[in-house]
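**Student:** here are the coordinates; sequence isn't available:
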């Protein structure tokens, strides 16, 4: 059906148009969409993952392990780096553009005879669940878009829930305090369903434990019930030792970054719980699953000449973790930092972590309405260093586009340098496109 150009263009414009509605939290529309589609979310088992950082890596790790067990696994994540089709995958194969258009057209027809006014993310969630049901997946590993309690994905009844960690992000929607945000993310906790968390904040853990207790949900806490350490790390891999219901040594993961330790340990704990529940999860599938992880945008090399690393760190906590990894991995290299951040993020907090690492800072703006102006980022950096925060870069430059920023970085890059691109999924994704990554439905990237 997607070869009908009129239908294709019309459906694509419909999806583009939904983005103007922005973000509206609530479950009314999603529940109605699920009923309309025959409740597809009841047709598969699921793992539901919320948190401020690490959701995508944790979800991908769980998915990879389950695939190595022989299950047919759907994976739903957001946002995407380059192609919209990254968001919806089965056994690591992306939904096709034709399937996106087909399902979106069907949904549009169904919605048109109702008074529903769904958002972009609500429609995309419905598309994913319908697709997983139609393709008869055994499991779906689902990442929340934002928060948890009122997130469109929170219509499922999962076998395990996960809250990776909790920090200040999306405050305009979730609340101005860690307690408020914890309450929202804890909304995914279901009665009798185990919760796994890698939060290291004692107040958050107490709040989560209280809510889990009220819902008769066992809580599994990193550092108490399971733990790990990095045995080895280079710029492309980490090896971890894990302690939980059993011990694993030298598990190799084709990802770098200290922050991946918590994500991988969380994923292993989820699978240990599934094993206890009676699902066939072998030791070999855990080992092979971690070795087979395929995820973009997390300390990812996208070029060797010149050396370009991208990372999607888009809040202060993620930037702090990224900075620690960069210091550990490249102690003798000078960093050329390309930073493009969304205006609704903690721009100062991110830059406070990243700018002191850099010899050269290039500030830019992704092709996104939400992107902060580079001049505003430069003012934030001036304010940061006016207070004497860390070593000061030798230069701070503004470039109006990501392409111009990358060109400048290349022109000043020497054998002593590494170009690091960070600040948002959008900026990192644009660099991948500039360097040759092929995009699919590229305009479908403005909102989660």
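**Tutor:** Now that the structure is in, tell me what you want to look at. Quick caveat: nothing in here was measured; it's all calculated off a predicted structure.

**Student:** Residue 307 contacts residue 416, doesn't it?
**Tutor:** No - taking contacts as C-beta atoms under 8 Å, residue 307 lies outside contact range of residue 416: 10.5 Å. In this view, the C-beta of every residue, glycine as well, is placed from N, C-alpha and C.

**Student:** of those two, who's got more company?
**Tutor:** Neighbour comparison, residue 307 and residue 416: the larger count goes to residue 307, with 18 against 9 (by other C-beta atoms under 10 Å).

**Student:** For that one, give its distance to residue 134.
**Tutor:** Per C-beta to C-beta, to the nearest Å, residue 307 is found 43 Å from residue 134.

**Student:** Residue 422 now?
**Tutor:** 37 Å.

**Student:** So those two - more neighbours on which side?
**Tutor:** The neighbour comparison of residue 422 against residue 134 (other C-beta under 10 Å) goes to residue 422, with 28 against 13.

**Student:** State the pLDDT value of that one.
**Tutor:** If you check residue 422, the pLDDT there is 98.

**Student:** Tell me which helix or strand residue 74 sits in.
**Tutor:** Element membership for residue 74, per DSSP states H and E: strand 73-76.

**Student:** Leaving out chain neighbours, which residue sits closest to the residue positioned nearest the centre of the chain?
**Tutor:** For the chain, residue 56 is the residue whose C-alpha lies nearest the centre (C-alpha atoms, centre = their mean; 3.7 Å). Excluding the flanking residues, the one nearest residue 56 by C-beta to C-beta, 6 or more residues apart in numbering is residue 77, at 5.0 Å.

**Student:** Next: residue 295.
**Tutor:** Nearest in space to residue 295, with sequence neighbours left out and distances taken as C-beta to C-beta, 6+ apart, is residue 60 at 4.6 Å.

**Student:** Residue 6: neighbour count?
**Tutor:** Number of residues near residue 6 (other C-beta under 10 Å) recorded here: 7.

**Student:** Centre of the chain to the helix or strand containing it, how far?
**Tutor:** Assessed by DSSP H and E, residue 6 sits inside helix 5-18. On the basis of C-alpha atoms, centre = their mean, to the nearest Å, helix 5-18 sits 26 Å off its chain's mean C-alpha point.

**Student:** Report the buried residues of it.
**Tutor:** Across helix 5-18, burial judged by 16 or more other C-beta atoms under 10 Å covers 8, 11, 12, 14, 15, 18.

**Student:** With stretch 250-266 instead?
**Tutor:** Within stretch 250-266, the residues that qualify as buried are 251, 253, 255-266, counting by 16+ other C-beta under 10 Å.

**Student:** swap in stretch 90-106?
**Tutor:** Neighbour counts using 16+ other C-beta under 10 Å place 90, 94, 95, 97, 99, 100, 101, 102, 103, 104, 105 of stretch 90-106 among the buried residues.

**Student:** Those residues: which two are farthest apart?
**Tutor:** 90 and 105 (20.1 Å; C-beta to C-beta).

**Student:** that older thread, then the residue nearest to the centre of the chain would be within a helix, right?
**Tutor:** Yes - using DSSP: H, G, I helix; E, B strand; the rest coil, the assignment for residue 56 is a helix.

**Student:** Locate the residue nearest to residue 179 when sequence neighbours are not counted within the secondary structure: which element?
**Tutor:** Spatial nearest neighbour of residue 179, excluding adjacent residues (C-beta to C-beta, 6+ apart): residue 207 at 6.4 Å. Using DSSP H and E, the element containing residue 207 is helix 202-214.

**Student:** what's next to that helix, contact-wise?
**Tutor:** 163, 165-166, 178-179, 182-183, 186, 189, 195, 197, 199, 218-219, 221 (C-beta atoms under 8 Å, 6 or more residues apart in numbering).

**Student:** Please check those residues and keep the buried ones.
**Tutor:** 163, 165-166, 178, 182-183, 186, 189, 195, 197, 199, 219, 221.

**Student:** So which of those belong to strands?
**Tutor:** Among these, the residues falling in strands (DSSP state E) are 163, 195, 197, 219, 221.

**Student:** Return the member of those residues nearest to residue 44.
**Tutor:** residue 195 (20.1 Å).

**Student:** ok, that closest one - contacts?
**Tutor:** Per C-beta under 8 Å, 6+ apart, neighbours of residue 195: 160, 161, 162, 163, 189, 208, 212, 217, 218, 219, 220.

**Student:** Could you dump those into CSV with distance to residue 429 added?
**Tutor:** Output for these, formatted as CSV (distance: C-beta to C-beta, whole Å):
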residue, distance to residue 429
160, 30
161, 29
162, 25
163, 26
189, 32
208, 32
212, 36
217, 36
218, 38
219, 35
220, 33
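
**Student:** Could you single out the nearest of those to residue 302?
**Tutor:** Of all the contacts of residue 195, residue 162 has the smallest distance to residue 302: 28.4 Å, by C-beta to C-beta.

**Student:** dump the residue contacts of the closest one.
**Tutor:** Contacts of residue 162 (C-beta under 8 Å, 6+ apart): 47, 48, 49, 50, 51, 58, 195, 196, 197, 266, 270.

**Student:** Check which residues of stretch 156-165 are buried.
**Tutor:** Here stretch 156-165 shows 156, 158, 159, 160, 161, 162, 163, 164, 165 as buried, counting by 16+ other C-beta under 10 Å.

**Student:** Please apply the same query to stretch 293-311.
**Tutor:** Applying 16+ other C-beta under 10 Å to stretch 293-311 flags 293, 295-300, 302-303, 306-311 as buried.

**Student:** Could you work out the most separated pair of those?
**Tutor:** With distances taken as C-beta to C-beta, the most widely separated pair in the buried residues of stretch 293-311 is 293 and 306, at 26.3 Å.

**Student:** Packing partners of the host helix or strand of residue 140?
**Tutor:** Per DSSP H and E: residue 140 is located in strand 139-143. Packing contacts for strand 139-143, counted by 3 or more C-beta pairs under 8 Å, 6 or more residues apart in numbering; DSSP states H and E, involve strand 45-50, helix 55-68, strand 73-76, helix 120-134.

**Student:** can you list contacts of the second one?
**Tutor:** In this structure, residues lying in contact with helix 55-68 by C-beta under 8 Å, 6+ apart are 47, 49, 51, 73, 75, 77, 89, 91-92, 138-139, 141-144, 162, 164, 253, 255, 260, 263-264, 266-268, 270-271, 281, 284-286, 288-290, 292-295, 298.
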